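**Student:** Got a predicted model here, sequence first, then my questions.
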Amino acid sequence: MENIPEITIYTDGACSGNPGPGGYGIVFLYGQFRKELSEGYRKTTNNRMELLAVIVALETLKFENSIVRIYTDSQYVASAINDKWIDKWIFKQYKNVKNPDLWKRFVKVYKKHKVNFIWIKGHSSTIENNRCDFLAVQASSKQNLQIDTYYENLSLENKNTLF
């Protein structure tokens with residue numbers, strides 16, 4: 001019988017202003033192994049960083065069909081999956097959905113694994129969630145931030161409209 005990896009992942013996103021500089025933090029736990037990832041963006045939103053943290057975490061996994069437990073303090077992300085909002089969004093082809101670029105990217109990688117989302121209260125006593133928050137805030141404060149191209153282009157388009 002094949003040994004299917006069971007991985008625990010904690011994710012968090014942060015934004016200084018909304019929109020503003022943002023970042024995500026990820027903690028992977030697998031047996032005795034631990035890995036942390038983070039990245040910062042110069043202009044984005046908190047929800048985008050929360051969702052991007054989950055996407056990057058799932059994209060980082062080396063083996064498909066992994067059993068994944070994701071802990072997030074984002075009701076936006078957890079409810080989209082647990083309350084089946086995502087199914088409606090897919091059916092409607094993401095019409096009138098915020099962050100469609102990220103949700104489409106999420107769906108592609110989500111389908112490769114067996115994922116269970118667990119919502120946890122942010123800024124509480126959950127050590128790994130607090131670590132993710134620290135990583136996300138730290139990443140958003142770096143000197144050389146990445147560009148959230150979709151978001152910045154969308155912001156520019158909205159500024160150029162007359163109404």
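**Tutor:** Received the coordinates, thanks.

**Student:** Show me the shaky parts of the chain.
**Tutor:** Residues of the chain meeting the criterion pLDDT under 70: 1-2, 156-163.

**Student:** Can you show me the helices along it?
**Tutor:** 46-60, 75-82, 85-91, 100-110, 127-140, 149-159 (DSSP state H).

**Student:** closest to Gly25 out of those helices?
**Tutor:** helix 127-140 (2.8 Å; CB to CB). For glycine as for every other residue, the C-beta is placed from the backbone atoms N, C-alpha and C.

**Student:** Packing partners of the closest one?
**Tutor:** Applying 3 or more CB pairs under 8 Å, 6 or more residues apart in numbering; DSSP states H and E, we find helix 127-140 packed against strand 6-15, strand 20-30, strand 33-44, helix 46-60.

**Student:** before we move on, back to that, pick the most buried one from the helices of the chain.
**Tutor:** helix 46-60 (a mean of 23; mean count of other CB atoms under 10 Å).

**Student:** Would you convert the helices of the chain into a markdown table that also reports distance to Phe28?
**Tutor:** Formatted as a markdown table, those follow (distance: least, CB to CB, whole Å):
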| stretch | distance to Phe28 |
| --- | --- |
| helix 46-60 | 7 |
| helix 75-82 | 17 |
| helix 85-91 | 23 |
| helix 100-110 | 15 |
| helix 127-140 | 10 |
| helix 149-159 | 26 |
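
**Student:** wait, which of those is closest to Gly20?
**Tutor:** helix 127-140 (8.1 Å).
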